[in-house]
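Trainee: Below are the sequence and a predicted model; questions follow.
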Amino acid sequence: MHPLLEQLINELPVLLDGAWGTELQAHGLQSGECPDEWNLSHPDQVEAVARRYLNAGSRIILTNTFGANPIRLGEFGLADKALEINHQGVLISKAAAADNALVFASIGPTGKLLMMGNVNEADLADAYSKQAETMVEAGADAIVVETMSDLTEATIAVTSAHATGLPVVACMVYDSGKDKDRTMMGVSPEQATDELRNAGADIVGANCGLGIENYIPVSNRLHKASGNPVWIKPNAGMPEIVDGQVIYGTTPELFSSHLPDLVKAGAGFIGGCCGTSPEFIKAMKKKLTETK
Amino acid sequence: MENLEELYNAILEGRMDAAQNITENALQKDINPQLLIDDHMIPAMDEAGRRFEAGEYFIPEMMLAARAMKAALNLIRPVLLREGAQYVGTVVIGTVKGDLHDIGKNLVAAMLEGSGFEVKDLGVDVAPEKFVDTVKETGAGIIAMSALLTTTMPSMKLTVDVLKQDGLRDKVKVMVGGAPLSPRYAEEFGADGYSENAAAAVNLARKLVTA
């Protein structure tokens, strides 16, 4: 275990942040625009998202770099800006966090499938290494590999992140199979824990998915398999369309009402994914204070 | 006589080489190619789809099955075309404008092809006009659209609007899918059908071509 995470484990549960994409959209990010590019074109708005999470009580915030690997940026014609976008993404979150919170840099999937031959392992390793190295140079405190479905891709990303010497958190999305306890590629929490830890992950976890309730049993299994506190960032339920507007069914209060069970299930680092906002973090903070 | 039951198993288990070998042997022995498709290959994909819906199969198993099906079908297609057989229908498929997700769309395209449809895959970030222009060029009876983002879903409705403007709405069926969608949303903007996964998409397309 990396010393930084060992220290954090003494202060559990640690409150993380919520979604960034939906927050940026609320501040003008347009449909089809590259969110990560806003690190260069709209740094103030990106920093404002970070600040809202810090004010709500996040002790670890992520970075607006989820889609900033060169392969994914290539879809927007921005591959040559990858280093700059990642570098700025870390600097923006660090500026907001100052000495009050830690900055864990976010690495997401490329969106390409290895098994379809759309990308090969060497290209993935190259893309993730460049992203991770830039994050270290910019001063990230740790790296979070998140929203992964394919274990090979996740393992390559974790290996690249671990090679930088930073602590690494590795999360996958468990939303498939008859018990909704596998990734869409069929990976179980136990398989993921085994391989991701071998690749150098200090902490394993789950994010996105079907909502907070489904992640209680998943957290339990990740905790048993890894022997460590688990990183959990669920969606605010599944999106629904009401009168043309996108609504996430779970309210901050309903979401945080599941917190005690999630903590019992071994979750130590807790935040939210799609559909969660600073209001969710505030509600979670309140709930944690009440139940301590 | 070739053991044709093995063709079913080879496709269901995603063994492409075996599927090809059995198909080649069967064709050499003048077994009716349509019978290979109807009695062995499509039932195999149906079973793969059933397993997927039951949570027993995951995307890799589905993709391998679709790949084996496609490989076998590539051997059969020239024979069928020589005999004057036709596609079940033509589908123009793509991920909508502003959306770059292609995993689900690719899976649906492979499954449709495997099930005997002619598929025109326009890729990702496809504008409404592009869907409609391709329909005009190909005479396709179905447009299949995918969106993985709540922010790009509205582009589906725009495609329906363009179809209406161009007087094509009653000539083309519109089917949609993708994580943020619901049957209700699909109905609301005037799609002809919504499917939750690739196997259901094939069933839906079959229904729509006969509707």
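Mentor: Alright, I've got the coordinates.
Trainee: Only C-alpha atoms from now on, for both contacts and neighbour counts.
Mentor: OK.
Trainee: Assumed A:Gly268 was part of a helix.
Mentor: No. The secondary structure assignment for A:Gly268 gives strand rather than a helix, going by DSSP: H, G, I helix; E, B strand; the rest coil.
Trainee: Please identify the helix or strand for B:Thr151.
Mentor: With the criterion set as DSSP states H and E, no secondary-structure element contains B:Thr151; it sits in neither a helix nor a strand.
Trainee: Which pLDDT does the model give it?
Mentor: Looking at B:Thr151, its pLDDT stands at 76.
Trainee: how many neighbours does whatever residue of the stretch 151-292 of chain A ends up closest to chain B have?
Mentor: Using C-alpha to the nearest C-alpha, the single residue of the stretch 151-292 of chain A nearest to chain B is A:Gly177, 3.8 Å away. The local packing count at A:Gly177 equals 22, with neighbours defined by other C-alpha atoms under 10 Å in any protein chain shown.
Trainee: and what of the one 5 residues further on?
Mentor: The number of residues packed around A:Arg182, counting by other C-alpha under 10 Å, is 24.
Trainee: Now it: phi and psi?
Mentor: phi -130, psi 160 (degrees, to the nearest 10).
Trainee: beta partners of it?
Mentor: For A:Arg182, the residues forming beta bridges with it (DSSP bridges) are A:Ser176.
Trainee: who touches the lowest-mean-pLDDT helix or strand in chain B?
Mentor: When each helix and strand of chain B is scored by mean pLDDT, DSSP states H and E, helix B:103-114 comes last, with a mean of 84. Contact with helix B:103-114 is made by A:111-113, B:42, B:45, B:62-63, B:66-67, B:69-70, B:73, B:93-95, B:118-119, B:121, B:145-146, B:178, B:197-199, B:201-202, as judged by C-alpha atoms under 8 Å, 6 or more residues apart in numbering or on different chains.
Trainee: Sort out which of those are in strands and list them.
Mentor: Mapping the contacts of helix B:103-114 onto strands (DSSP state E) picks out B:Ile93, B:Gly94, B:Thr95, B:Glu118, B:Val119, B:Asp121, B:Met145, B:Ser146.
Trainee: Surely the fifth one and B:Val88 touch.
Mentor: No. Between B:Val119 and B:Val88 no contact is recorded; they are 10.5 Å apart, counting by C-alpha atoms under 8 Å.
Trainee: who's more crowded, these two?
Mentor: With neighbours defined as other C-alpha under 10 Å, B:Val119 and B:Val88 compare such that B:Val119 has more, 23 against 16.
Trainee: what bridges to that one?
Mentor: Where B:Val119 sits in a bridge, its partners, by DSSP bridges, are B:Val91.
Trainee: ok, it to chain A distance?
Mentor: 18 Å (C-alpha to the nearest C-alpha, to the nearest Å).
Trainee: same check, this time on B:Ile59
Mentor: Here the criterion is C-alpha to the nearest C-alpha. By it, B:Ile59 lies 5 Å from chain A.
Trainee: Wait, that residue touches A:Gly186, no?
Mentor: Yes. Between B:Ile59 and A:Gly186 there is a contact at 7.3 Å, judged by C-alpha under 8 Å.
Trainee: can you tell me which residues contact A:Phe104?
Mentor: In this structure, A:Phe104 makes contact with A:Ile60, A:Ile61, A:Leu62, A:Thr63, A:Ala140, A:Asp141, A:Ala142, A:Ile143, A:Val144, judged by C-alpha under 8 Å, 6+ apart.
Trainee: so which helix or strand takes in it?
Mentor: Assigned by DSSP H and E, A:Phe104 belongs to strand A:102-107.
Trainee: Please save the CA atoms from stretch A:226-243 in CSV.
Mentor: Coordinates of each C-alpha in stretch A:226-243 appear next as CSV, following Å, rounded to 0.1, in the frame of the first residue of the first chain:
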residue,chain,number,x,y,z
SER,A,226,-8.8,-7.1,-1.7
GLY,A,227,-8.8,-6.8,2.1
ASN,A,228,-8.7,-3.1,1.8
PRO,A,229,-11.3,-0.2,1.9
VAL,A,230,-13.1,0.1,-1.4
TRP,A,231,-13.5,3.1,-3.6
ILE,A,232,-17.2,3.6,-4.6
LYS,A,233,-18.7,6.3,-6.9
PRO,A,234,-22.2,5.2,-8.0
ASN,A,235,-24.6,7.0,-10.4
ALA,A,236,-27.6,8.8,-9.1
GLY,A,237,-29.8,5.9,-10.4
MET,A,238,-30.6,5.5,-14.0
PRO,A,239,-31.4,8.5,-16.2
GLU,A,240,-35.0,9.0,-17.2
ILE,A,241,-36.5,11.5,-19.7
VAL,A,242,-39.3,13.6,-18.3
ASP,A,243,-40.8,16.2,-20.6
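Trainee: Now do the buried residues in that stretch.
Mentor: A:226, A:228-241 (16 or more other C-alpha atoms under 10 Å in any protein chain shown).
Trainee: Can you name the residues that contact A:Ile9?
Mentor: Residues near A:Ile9 by C-alpha under 8 Å, 6+ apart: A:Pro229, A:Gly268.
Trainee: Tell me the spacing between it and chain B.
Mentor: Remark: distance between A:Ile9 and chain B (C-alpha to the nearest C-alpha) = 35 Å.
Trainee: In CSV, list the contacts of A:Phe104 along with distance to chain B, secondary structure and pLDDT.
Mentor: As requested, the contacts of A:Phe104 are arranged in CSV below (distance: C-alpha to the nearest C-alpha, whole Å; DSSP: H, G, I helix; E, B strand; the rest coil; pLDDT from 0 to 100):
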residue, distance to chain B, secondary structure, pLDDT
A:Ile60, 27, strand, 98
A:Ile61, 24, strand, 98
A:Leu62, 21, coil, 98
A:Thr63, 20, coil, 98
A:Ala140, 28, coil, 98
A:Asp141, 30, coil, 98
A:Ala142, 28, strand, 98
A:Ile143, 24, strand, 98
A:Val144, 22, strand, 98
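Trainee: picking that back up, the least confident helix or strand of chain B versus strand B:90-95: what angle between them?
Mentor: The directions of helix B:103-114 and strand B:90-95 differ by 170 degrees, with axes from the mean of the first three to the mean of the last three C-alpha atoms, to 10 degrees as the criterion.
Trainee: Show me what stretch B:197-206 is in contact with.
Mentor: When contacts are taken as C-alpha under 8 Å, 6+ apart, the neighbours of stretch B:197-206 outside the stretch itself are B:45-46, B:48-50, B:52-53, B:88, B:104, B:107-108, B:111-112, B:115, B:142, B:175, B:177, B:193-195.
Trainee: Turn the ones in strands among the contacts of helix B:103-114 into JSON lines, including distance to B:Pro128 and pLDDT.
Mentor: Rendered in JSON lines, the data for the ones in strands among the contacts of helix B:103-114 read as follows (distance: C-alpha to C-alpha, whole Å; pLDDT from 0 to 100):
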{"residue": "B:Ile93", "distance to B:Pro128": "12", "pLDDT": "98"}
{"residue": "B:Gly94", "distance to B:Pro128": "10", "pLDDT": "97"}
{"residue": "B:Thr95", "distance to B:Pro128": "10", "pLDDT": "95"}
{"residue": "B:Glu118", "distance to B:Pro128": "20", "pLDDT": "92"}
{"residue": "B:Val119", "distance to B:Pro128": "17", "pLDDT": "94"}
{"residue": "B:Asp121", "distance to B:Pro128": "14", "pLDDT": "94"}
{"residue": "B:Met145", "distance to B:Pro128": "10", "pLDDT": "97"}
{"residue": "B:Ser146", "distance to B:Pro128": "12", "pLDDT": "96"}
